[in-house]
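Participant: this is a predicted model, with the sequence first.
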Amino acid sequence: MSHSYKYFTVISVFFVTVLLISNIVSTKITDLTWFVFDAGTLLFPLAYILGDVLTEVYGFKKARAVIWMGFFSTFLLALMTSIVGVLPPAADWAHQAAYEAILGMTPRIVLASLVAYFLGSFVNAIILAKMKVMTSGRHLWARTIGSSVVAQALDTTLFVAIAFWGILPNELLISIAVSNYVFKLAIEILATPVTYQAVAFLKNKEGVDHYDHDTKFSFFHKN
């Protein structure tokens, strides 16, 4: 019998919302002199933190379902922004150029996000789930940070390369990639106490602490 969880849907919706907002605001490159980054970096680390929580509490299968939910939601965002962009504007609507300048980049950015997010999220969930079994549930901080060190490097490299290659100078691309990676990893580390609290709260309230002992770590497998 399938277990009904009180907070799983809420976390899933929040996860997808964070993902969609991050994709839209990533069209802006911000320069704080000491830190050059796409604006989506401000929020996107939260998606990885939520992914850690989902995998740690509910297990890989549940996290996989949410990852796919985010993937298809992001694809729909890209599809609709593209369709709306090519529709002829009304004669008295003077903002077509502004739409194309901002959201016109969104399909490419979303493509980058789809590839980077898909691979990064699955790598993150798999590493965390396997480390949980290996450590018998101890050292949560090592699992969340360790999985992110690998997954965020993959995610950041793929995203920056696909989204901005040929658009931005190579020096700026490297600067963005390094800055984004360091920033996202720092957020993950700083958020560790909050992650601990969230995980403890959910395990207590949901009555679950899943271990993926016999899980088949496939992107598509249902078992």
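Facilitator: Yep, that arrived.

Participant: which SSE is Ser175 in?
Facilitator: Using DSSP states H and E, Ser175 maps to helix 170-190.

Participant: what does that helix contact?
Facilitator: Residues outside helix 170-190 that contact it (C-beta atoms under 8 Å, 6 or more residues apart in numbering) are 29, 35-38, 41, 44-46, 48-49, 144-145, 148-149, 152-153, 156-157, 159-161, 164-165, 168. Placement of C-beta: from N, CA and C, glycine included.

Participant: what's the one helix or strand in the chain whose mean pLDDT sits lowest packed up against?
Facilitator: Across the helices and strands of the chain, mean confidence by mean pLDDT, DSSP states H and E is lowest for strand 36-38: a mean of 73. Counting by 3 or more C-beta pairs under 8 Å, 6 or more residues apart in numbering; DSSP states H and E, the packing neighbours recorded for strand 36-38 are strand 29-31, helix 170-190.

Participant: let me know which of the ones you listed is tucked in deepest.
Facilitator: Mean neighbours per residue, mean count of other C-beta atoms under 10 Å, is largest over the helices and strands packed on strand 36-38 for helix 170-190, with a mean of 17.

Participant: helix or strand next in line after that helix, which one?
Facilitator: Heading C-terminal from helix 170-190, the first helix or strand you meet, by DSSP H and E, is helix 192-206.

Participant: state the mean pLDDT of that following helix.
Facilitator: Averaged across helix 192-206, the pLDDT comes to 95.

Participant: what's the angle from it to helix 170-190?
Facilitator: 50 degrees (axes from the mean of the first three to the mean of the last three C-alpha atoms, to 10 degrees).
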